[in-house]
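In: Following is a predicted model, sequence given first.
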Amino acid sequence: MTDGRPREIDDVELDMRALFAALGRALPWLVAFVLVVAIALFFGLSLVTPRYTAEAKLLIERGESAITQNAGDTEEARALLDAEGVASQVQLIGSRDLAETVVKQLGLADLPEFNQPSLIGRFDQMLAGFGIGALSGPATTDERVFQRFADRLSVYSVDKTRVITIDFSSSDPALAARIANAVADQYLALDRDAKRASNADATTWLEAQIADLRVKVTDAEAKVETFRTGSDLFLGGQNNNQSLSQQKLTDLNAELARVQAVRAAAEAKAATVRKGLSNDTAFDMPDVLSSPLIQRLLEQQVSLRAQIAQLSATLLPAHPRIRELNAQLADLDAQVKRETGRILKSIEAEAATARASEAEINADLARAKTVAGQSNDAEVQLRALEREATAERDLLETYLRRYREATSRQAGDYLPADARVISRAATPLEPSFPRRIPITAAATTALLLLALVFVLVRELASGRALRRIVFDGSPQAPAPLPSGERSGRSDTAPTPLHAVPSDPSLAGLVAVDDRDSLRAIVDRITAAKAKRVILAPAKSEAASRPLAAVALARQLSRRGSRVLLVDLHADAADGKAMAMVDEITPGLFDLFAGAASFTEVIFRDRRSRAHVIPRGTATLSSDMAASPRFATILDALDHTYDHILIDAAGEMAGALAPTAGAVVVVADADEAEPAALPGYAAMAAVSPVEIMLLIADMPPLADEPDPETQAA
């Protein structure tokens, strides 16, 4: 049994009140110090030689106009205008060659601003006068001037544009503007000179190449004509693009097609006339009717038939005149047939002639094919020679065109630069350095922050801003008593806790320091990663109970865990101790009944980061704990909190123990040791998890400490 005095746990916390008090004490001195430094810095900057920055801007673009631009320059223009091309131009503007030209052009080596040695240089000269080695390496006047020039020149491209900015800083504003403009002009001149030199080199190279290509073209064309003459591969035809053998084959094929058409037509006519003779209908055919003799005979037949028809009206068929006319008509029919036969023989003769011509053409075609086949190899070699000659000729024409263009540009001195000045540098009116007000404000703010940090670090290092955490155990829950009576135990007295192993035998239990006991319980719950922890009293009929659940919840919260304590006891002592709620505050019963939401029943502990759900306006029964809605509520809380401590007793604790990750049985230390065994055995019978026994020492009322000194 302990004496009930507050006990410190092995931990410290930050005392914000002490930190702010230290800052309040040091603030007047800090403000005075910072103001003095700011005033000194402001007037010190006024003694610094000001520098003026002039700015010129260039736009990188294709200098060629639409009239003189070549069609093949598209890829070159694209490479110039992309991000890499603009970056390359920035490097060119900042190159040493361009800087040397500007320095010599403006005579910057004669100005003290560029030629005067620096402080280190003067010190080196003094050391050299005493015969001591210099701190830095030897530097000539030109190197010093170029270094000063490069340090004060700033060239950069504007983001997402093809604009290049040239900045130059100098103590003379007019000189700064003049140098910035000189750098821009020299860059444009350097670009034109580079183009002029490139064109001159290209012209010289093209002259030599053109002279060589002319000889090659002449030789190639001579080889083509010599080979054509030696192989009899003369050209013919209307377009003069076919050899004679090929032209002959073409003509023979055309003539053969024509003769075959004539023969087929003659044979078709002969067959038609022959069939008409056999059917006595030959005179109806166009080829027969086109004959003048047939036409006259047919006219005579028509006249005789008309006379016969006229005389038949008055004369009998045996009349001599009728018989004479019929004899003349028969003679005309015979003449028509004879004439038709002669026409048939003429058509057949025409067909025979066409067949003979076809045979002759076929023979000539066969001989021409033989000759053409023999000249194929020679034509292959000829085409190869022609391709070589054509390639040499095309290359010569290309070089000639470019040579004429290059010489015309040089003669006309038309070499536009690939950039133009869009903003020339003007003489700056205000210095760019030092900006006294911005620099003073920034330096003052930084110094003030450093001073505040120094004060805070000093307080933390001295330990005055840290305080030890005091823990006095868990308060004692009040038991309902008759009017005028008091419990033999304090309602708010500290409750020291002792942890024992899960062995049900309490023999040999040794009381240890309360901090180590509570830490042992917390360590076991954390190591087991128990989501739900049931806290049950050893005796359910006890008049009062120690609030061990409150102490355990606060210790778990200090370990960094998200902890929720659910109070299911009728006295609602856990909620009163942690959040100062009363019996009419909505709690778990109201959440179960649907009369309240989670945000209305969850309260924050006033001494830790733990949360608590009080009992509510009524008490839940063990039947409610077995319902699906109660399980759904606990599942929802499992997704939010790392540990859920359920402080219950009796049947409610037994109903919830099977689903718990750990069970803690709480007993009073002043009770006899066997009194804790029934509760321990009851929990062990329904829960398969580890059962931990927690013994709380409860001091008498006279030992009650001051409530102001109690810690959660």
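Out: Ah, there it is.
In: Give me the below-cutoff pLDDT ranges for the stretch 201-350 of the chain.
Out: For the stretch 201-350 of the chain, applying pLDDT under 70 flags the ranges 232-245, 276-291.
In: and what of the stretch 451-600 of the chain?
Out: In the stretch 451-600 of the chain, residues with pLDDT under 70: 465-517, 540-544, 583.
In: That one: helices as residue ranges?
Out: Ranges of helices in the stretch 451-600 of the chain, per DSSP state H, counting those that start in this stretch, are 514-528, 548-558, 573-579, 588-593, 598-601.
In: what does the stretch 101-250 of the chain give?
Out: Using DSSP H, counting those that start in this stretch, helices in the stretch 101-250 of the chain cover 112-115, 119-129, 141-152, 173-230, 244-278.
In: between the ones you listed, which one is nearest to Ala442?
Out: With CB to CB, the closest approach to Ala442 among the helices of the stretch 101-250 of the chain belongs to helix 141-152: 22.9 Å. (Glycine included, C-beta is placed from N, CA and C.)
In: Which strands and helices lie in contact with the closest one?
Out: Packed against helix 141-152 by the contact rule (3 or more CB pairs under 8 Å, 6 or more residues apart in numbering; DSSP states H and E) you find helix 96-106, helix 112-115, strand 163-170.
In: To Ser408, which of the ones you listed lies closest?
Out: Per CB to CB, nearest to Ser408 of the helices and strands packed on helix 141-152: helix 96-106, 29.1 Å.
In: For the residue most central in space within the chain, what are phi and psi?
Out: When CA atoms, centre = their mean is applied to the chain, the residue found nearest the centroid is Lys160 (18.1 Å). Backbone torsions for Lys160, taken as degrees, to the nearest 10, come to phi 60, psi 30.
In: Let me see the domain layout of this protein.
Out: 7-48+434-470, 242-374, 472-479+490-503+512-702 (automatic domain parsing).
In: most tightly surrounded among those domains?
Out: Of these, the one with the most neighbours on average (mean count of other CB atoms under 10 Å) is domain 472-479+490-503+512-702, at a mean of 19.
In: Which parts of the stretch 401-550 of the chain are strands?
Out: For the stretch 401-550 of the chain, strands defined by DSSP state E, counting those that start in this stretch occupy the ranges 419-423, 466-471, 497-500, 532-537.
In: Roughly how far does Val48 sit from Ser169?
Out: 13 Å (CB to CB, to the nearest Å).
In: I misspoke; the intended subject was Val664.
Out: 76 Å.
In: go on, Arg435?
Out: Taking CB to CB as the criterion, Arg435 is separated from Ser169 by 13 Å.
In: can you check Val581 too?
Out: Counting by CB to CB, the gap from Val581 to Ser169 is 71 Å.
In: So Val90 sits against Val163, correct?
Out: No. Applying CB atoms under 8 Å as the test, Val90 and Val163 come out as separate, 10.8 Å apart.
In: shared neighbours, those two?
Out: Common neighbours of Val90 and Val163 are listed as Ser157 (criterion: CB atoms under 8 Å, 6 or more residues apart in numbering).
In: can you map out the helices along the stretch 601-712 of the chain?
Out: Counting by DSSP H, counting those that start in this stretch, the helices of the stretch 601-712 of the chain are 622-625, 628-638, 650-656, 677-686.
In: so which of these gets nearest Ala330?
Out: helix 628-638 (127.9 Å).
In: Output the closest one as PDB - backbone C-alpha positions only.
Out: As requested, the backbone C-alpha atoms of helix 628-638 are provided in PDB (Å, rounded to 0.1, in the frame of the first residue of the first chain):
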ATOM      1  CA  PRO A 628     -25.400  -7.000 -34.600                       C
ATOM      2  CA  ARG A 629     -25.800  -3.200 -34.100                       C
ATOM      3  CA  PHE A 630     -23.400  -3.200 -31.200                       C
ATOM      4  CA  ALA A 631     -20.900  -5.200 -33.100                       C
ATOM      5  CA  THR A 632     -21.200  -2.800 -36.000                       C
ATOM      6  CA  ILE A 633     -20.500   0.200 -33.700                       C
ATOM      7  CA  LEU A 634     -17.400  -1.500 -32.300                       C
ATOM      8  CA  ASP A 635     -16.200  -2.400 -35.800                       C
ATOM      9  CA  ALA A 636     -16.500   1.300 -36.900                       C
ATOM     10  CA  LEU A 637     -14.500   2.400 -33.900                       C
ATOM     11  CA  ASP A 638     -11.800  -0.300 -34.700                       C
END
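In: Now do the closest residue to Leu190 other than its chain neighbours against Ala538, distance only.
Out: Sequence neighbours aside, Leu98 is the residue nearest to Leu190 in space, at 6.1 Å (criterion: CB to CB, 6 or more residues apart in numbering). Noted for Leu98: a distance of 94 Å to Ala538, by CB to CB.
In: Please apply the same query to Arg615.
Out: Distance from Arg615 to Ala538, by CB to CB: 21 Å.
In: With Gln186 instead?
Out: 97 Å.
In: Ala446 too?
Out: With distances taken as CB to CB, Ala446 is found 63 Å from Ala538.
In: Next: Glu225.
Out: Distance from Glu225 to Ala538, by CB to CB: 125 Å.
In: what do you get for Ala208?
Out: Taking CB to CB, one finds Ala208 at 113 Å from Ala538.
In: With Val455 instead?
Out: Counting by CB to CB, the gap from Val455 to Ala538 is 54 Å.
In: and what of Arg342?
Out: 149 Å.
In: Likewise for Leu188?
Out: 98 Å.
In: swap in Ala202?
Out: Ala202 sits at a distance of 106 Å from Ala538 (criterion: CB to CB).
In: Next: Arg387.
Out: If you measure Arg387 against Ala538 using CB to CB, the figure is 110 Å.
In: now Arg609
Out: Arg609 is 29 Å from Ala538, by CB to CB.
In: swap in Ala306?
Out: Computed with CB to CB, the distance linking Ala306 and Ala538 is 155 Å.
In: elements contacting the helix or strand encompassing Arg342?
Out: Using DSSP states H and E, Arg342 sits within helix 320-374. Under the contact definition 3+ CB pairs under 8 Å, 6+ apart, helix 320-374 sits against helix 244-278, helix 286-289, helix 292-311.
In: Dump these to a markdown table, plus distance to Arg148.
Out: Putting those into a markdown table (distance: least, CB to CB, whole Å) gives the following:
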| stretch | distance to Arg148 |
| --- | --- |
| helix 244-278 | 82 |
| helix 286-289 | 112 |
| helix 292-311 | 120 |
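In: Compare those and give me the one nearest Ser408.
Out: helix 244-278 (45.1 Å).
In: what angle separates that closest one from helix 320-374?
Out: Counting by axes from the mean of the first three to the mean of the last three CA atoms, to 10 degrees, helix 244-278 points 160 degrees away from the direction of helix 320-374.
In: Tell me the gap between helix 244-278 and the middle of its chain.
Out: Here helix 244-278 is found 75 Å from its chain centre; the criterion is CA atoms, centre = their mean, to the nearest Å.
In: elements contacting it?
Out: Helix 244-278 packs on strand 235-236, helix 286-289, helix 320-374, going by 3+ CB pairs under 8 Å, 6+ apart.
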